[in-house]
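[1] I would like to see how this sequence folds:
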Amino acid sequence: MRLASSLPIHSSRLYEFEPQGDSLLAGLVVWDDGEFESFDYPARRDPYSAWRVDDEGELCPECFTVLFVLRAESGCWVGLSWAGAEGESLQLLCPAGGGQLRQVVSGYRYLAPQ
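    Have a look, this model is predicted:
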């Protein structure tokens with residue numbers, strides 16, 4: 001019995017939407033066989049830190065690394081790494097239904113500046 005199958009990393013994209021006042025929104029979209037699942041990253045505009053500490057209100061797509069995408073019967077499971085100025089955030093996302101992903105667990109690794 002196969003629990004899941006892996007998908008190519010190119011089956012995911014990070015999108016940043018047009019700001020609405022001080023509200024910012026980015027989204028991760030994963031697709032397979034014409035089905036899409038997404039996870040939202042809302043933030044508030046701040047000149048120093050919006051999504052991450054010291055990001056100056058800018059989203060850095062190069063800082064996201066999709067570690068894996070697994071397609072299970074219930075939908076996609078996604079492992080992510082998101083690097084920032086002071087460390088790295090890790091997330092495990094799972095299907096939440098209705099084309100949405102939800103965070104199952106997260107962790108953070110602090111990296112001291114050198």
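[2] I'd like the average pLDDT over stretch 31-45.
    Across stretch 31-45, pLDDT averages out at 88.
[3] tell me the secondary structure for Leu101?
    strand (DSSP: H, G, I helix; E, B strand; the rest coil).
[4] right, I mislabeled it, should have said Ala50
    Going by three-state DSSP: Ala50 is coil.
[5] now the strands for the chain?
    Assigned by DSSP state E, the chain shows strands spanning 5-6, 12-16, 23-32, 35-44, 64-72, 75-83, 87-97, 100-110.
[6] count of residues packed around the nearest residue in space to Pro42 that is not next to it in sequence?
    The spatial neighbour of Pro42 that comes closest, neighbours along the chain excluded (CB to CB, 6 or more residues apart in numbering), is Leu25 at 5.4 Å. Backbone N, C-alpha and C define where each C-beta goes, glycine included. Using other CB atoms under 10 Å, Leu25 has 15 neighbouring residues.
[7] repeat for Leu24
    21.
[8] In this structure Leu24 contacts Ala50, no?
    Yes. Between Leu24 and Ala50 there is a contact at 5.7 Å, judged by CB atoms under 8 Å.
[9] where are the low-confidence patches of the chain?
    Scanning the chain for pLDDT under 70 picks out 1-10, 113-114.
[10] Any idea which residue is closest to the centre of the protein?
    Centroid check for the chain by CA atoms, centre = their mean gives Leu28 as the closest residue, at 5.1 Å.
[11] In TSV, list the strands of the chain along with distance to Glu58.
    Shown next, in TSV, are the strands of the chain (distance: least, CB to CB, whole Å):
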stretch	distance to Glu58
strand 5-6	31
strand 12-16	9
strand 23-32	10
strand 35-44	11
strand 64-72	13
strand 75-83	14
strand 87-97	16
strand 100-110	20
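[12] Point out the most buried one among the ones you listed.
    Compared across these, strand 75-83 shows the largest average neighbour count, a mean of 19 (mean count of other CB atoms under 10 Å).
[13] Report all helices and strands that that strand contacts.
    Strand 75-83 is packed against strand 23-32, strand 35-44, strand 64-72, strand 87-97, strand 100-110, with contacts defined by 3 or more CB pairs under 8 Å, 6 or more residues apart in numbering; DSSP states H and E.
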